[in-house]
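Asks: Below is the sequence, then the predicted model.
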Amino acid sequence: MTILVTGGDGYVGWPTALRIATRTEDRVLAVDNFARRDWVEEVGSTSAVPIGWMDERLAAAREAHDAHNLSFLQGDLVEKEFVDELLTVHEPDVIVHAAAQPSAPYSQINGERANYTQHNNMQATRNLVFGLHEHDMTDTHFIETTTTGVYGAPEFPIPEGGAVMENQGERDDVPFPAMAGSWYHMTKSHDSANLRLAQSQFDIPISDVRTAIVYGTETDEARADDRLKTRFDFDYYFGTVGHRFCAQAVAGYPVTVYGKGEQRKPFISLEDAVEGLAELALVDPDERPDDLTVYNQVTRAISIVEIAETIADVGDEFDLDVAVEHFENPRDEDETHKMEIENAQYMHVIGEQAQDFEGGVRDIFETLTRYTETIEAHEDRFLPGVLEESED
């Protein structure tokens, strides 16, 4: 059996490929075009954690975990010829599709970035599912990481996938309406709709894994060797809110909460995100779903101010004097929205939560305090003002 992991150089994709390779003797092929490295450099930032090129990572995987079944191929999934060759030569039984331009702020910079994000993300997904159909590979389990951002911020608990609509006394289950708030999130809304259509028309077994905000620096496998570490972005464009707050703390600045910060967002640790994707990839072929299943890849919702206060508390363990300061919110958002999101199906996949937010913050500080110079050299990328600058 061959398991294909796209976005195999990325923050989630690389540790997912590594975990799968350590749990099976089947072949695991990671694919990437290294574009994430270019995007981050383009906005004037870098990964806080030094990351080697793939030959170095693969060597470390073989030495630390005897993962001789893990290999890598460079290529662009937007190019249909590449995708056709990839599928026909390697004939994957499972595809974990984690390749995308993942930054909402990057997609909002201007029309050029919005167009790039939408073309890049949706074209790659369409090429893959049409390739499976056209090459008679519709038994391949297609697992895509979309995003919980497709749900927006409704006032009612978010279901795990569908919704019930009632009109004139009649009820039916329907896909949750697209309520995305950025050009990036809209790509995942379209992907979710396209995956539903692909399952209906091509009969491909599909798992739509709607990923929450991922935090953390470590997975079990990566602890064995620094060469196995995944990237860690801390800038406004590619660093998530918790990662930016941690960078501010390490650099000696207050943690900056916009407005009240009482709104809750869905979160999951890197460890728990990787575990779910690996478990889905390794499901026995006879037990795979034969239709489309939606998983809310989230372990809990956390308020922005709770994130800041947790970072301040954990910072004490690292001799960091972290203050929490509130700034005027430049975003138009409900600062008290209490998100609720169902996740029973995903929790069934991972069994139980492996790491809470406090543990993830501790891992982040253990990592970032080793690279304080890198953080400080790019402080203009995560301090207040970058947000306003990006929205001009």
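Replies: Now that the structure is in, tell me what you want to look at.
Asks: what comes into contact with the longest helix anywhere in the chain?
Replies: Using DSSP state H, we find that the single longest helix of the chain is helix 111-134. Here helix 111-134 makes contact (Cβ atoms under 8 Å, 6 or more residues apart in numbering) with 6, 35, 77-80, 83-84, 86-87, 95, 97, 99-101, 106-108, 137-138, 140, 142, 144, 183-184, 186-188, 190-191, 194-195, 198, 201-202, 204. In short, each C-beta sits where N, CA and C put it, glycine included.
Asks: Which pLDDT value goes with Thr256?
Replies: Thr256 is assigned 89 on the pLDDT scale.
Asks: Pull the contacting residues for it.
Replies: Shown in contact with Thr256 (Cβ under 8 Å, 6+ apart): Phe245, Gln248, Glu325, Phe327, Leu383, Pro384.
Asks: element containing the second one, please.
Replies: Right, the one you point to is Gln248. helix 241-250 (DSSP states H and E).
Asks: other SSEs contacting that helix?
Replies: Helices and strands touching helix 241-250, by 3 or more Cβ pairs under 8 Å, 6 or more residues apart in numbering; DSSP states H and E, are strand 213-215, strand 255-258, helix 304-315, helix 357-368, helix 372-377.
Asks: can you put the ones you listed in CSV and add distance to Gly239?
Replies: As requested, the helices and strands packed on helix 241-250 are exported to CSV (distance: least, Cβ to Cβ, whole Å):
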stretch, distance to Gly239
strand 213-215, 10
strand 255-258, 13
helix 304-315, 13
helix 357-368, 11
helix 372-377, 11
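Asks: In contact with Tyr346: list those residues for me.
Replies: Glu160, Val209, Gly276, Tyr295, Asn296, Gln297, Val298 are the contacts of Tyr346 under Cβ under 8 Å, 6+ apart.
Asks: Compare those residues and tell me which has the most neighbours.
Replies: Ranked by neighbour count (other Cβ atoms under 10 Å), those have Gln297 at the top, with 28 neighbours.
Asks: thinking that residue is in contact with Asp208, fair?
Replies: No - Gln297 is not in contact with Asp208 according to Cβ atoms under 8 Å; the separation is 9.9 Å.
Asks: Tell me where this structure has strands.
Replies: For the chain, applying DSSP state E gives strands covering 2-6, 27-32, 70-74, 94-97, 141-145, 162-167, 170-175, 206-211, 213-215, 255-258, 264-269, 292-297, 300-303, 324-327.
Asks: what number of residues lie near Glu63?
Replies: Neighbour count for Glu63, taken as other Cβ under 10 Å: 13.
Asks: Show me where the stretch 101-250 of the chain dips below the pLDDT cut-off.
Replies: Scanning the stretch 101-250 of the chain for pLDDT under 70 picks out nothing.
Asks: Now with 80, please.
Replies: 161, 163-164 (pLDDT under 80).
Asks: one step back: is it possible to get a markdown table of the strands of the chain that adds distance to Tyr116?
Replies: Shown next, in a markdown table, are these (distance: least, Cβ to Cβ, whole Å):
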| stretch | distance to Tyr116 |
| --- | --- |
| strand 2-6 | 18 |
| strand 27-32 | 17 |
| strand 70-74 | 19 |
| strand 94-97 | 18 |
| strand 141-145 | 19 |
| strand 162-167 | 31 |
| strand 170-175 | 26 |
| strand 206-211 | 21 |
| strand 213-215 | 22 |
| strand 255-258 | 27 |
| strand 264-269 | 26 |
| strand 292-297 | 25 |
| strand 300-303 | 31 |
| strand 324-327 | 30 |
